[in-house]
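Q: generate a structure from the sequence data that follows.
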Amino acid sequence: MRRPLAGVLVAGIVAVLIGCQSEEPQPIRVGTDKVTVINLTDKTWRNVDVWLNDHYRAQARELLPGQRLDIPMGVFIAYGGQYFNIKKQVPSGIAVEAVTADGKPVAITWGKGRRR
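A: Next comes the predicted model:
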């Protein structure tokens, strides 16, 4: 009789411990085919620029608090019109630049970020 109860208790403790180890959300995630940016603040971001490897850019007008922006790698474009080619290039840095609704700058990075 004691063994089944002990098994249930151990399983319950393991489930609680696994649940407590949930990952903290990251504002920038880089996948195999897309970049995800999440506004983890309580402020709206405006004029959002997402830079990939220094010179490829994607833009969004606004990102609301808690909103997620998924950008396919092939959408990033350089000043000269070249698109990022995931088959030939590797993401090494992401920089997100924006302005909050009250005019404060937003700057977050992943990897090497962006050189200036």
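Q: so which residue is dead centre in the chain?
A: Ile28 (2.0 Å; Cα atoms, centre = their mean).
Q: how near is the closest residue to that residue other than its chain neighbours to Gly80?
A: With sequence-adjacent residues excluded and distances taken as Cβ to Cβ, 6 or more residues apart in numbering, Ile28 is closest to Trp110, at 4.0 Å. In this view, the C-beta of every residue, glycine as well, is placed from N, C-alpha and C. Distance of Trp110 to Gly80, computed by Cβ to Cβ, to the nearest Å: 24 Å.
Q: the strands in the protein, which residues?
A: 28-30, 34-38, 45-52, 56-63, 68-72, 93-100, 105-111 (DSSP state E).
Q: what's the mean pLDDT across the shortest one?
A: For strand 28-30, the mean per-residue pLDDT is 97.
Q: got the contact list for that strand?
A: By Cβ atoms under 8 Å, 6 or more residues apart in numbering, the list of residues contacting strand 28-30 from outside reads 35-38, 91, 94, 96, 108-111.
Q: can you list those residues in JSON lines and add neighbour count, pLDDT and distance to Arg57?
A: Conversion of those to JSON lines gives the following (neighbours: other Cβ atoms under 10 Å; pLDDT from 0 to 100; distance: Cβ to Cβ, whole Å):
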{"residue": "Val35", "neighbour count": "23", "pLDDT": "98", "distance to Arg57": "11"}
{"residue": "Thr36", "neighbour count": "16", "pLDDT": "98", "distance to Arg57": "16"}
{"residue": "Val37", "neighbour count": "25", "pLDDT": "98", "distance to Arg57": "13"}
{"residue": "Ile38", "neighbour count": "18", "pLDDT": "98", "distance to Arg57": "19"}
{"residue": "Pro91", "neighbour count": "19", "pLDDT": "95", "distance to Arg57": "13"}
{"residue": "Ile94", "neighbour count": "26", "pLDDT": "97", "distance to Arg57": "11"}
{"residue": "Val96", "neighbour count": "24", "pLDDT": "97", "distance to Arg57": "11"}
{"residue": "Ile108", "neighbour count": "19", "pLDDT": "96", "distance to Arg57": "15"}
{"residue": "Thr109", "neighbour count": "15", "pLDDT": "95", "distance to Arg57": "14"}
{"residue": "Trp110", "neighbour count": "19", "pLDDT": "96", "distance to Arg57": "15"}
{"residue": "Gly111", "neighbour count": "14", "pLDDT": "93", "distance to Arg57": "16"}
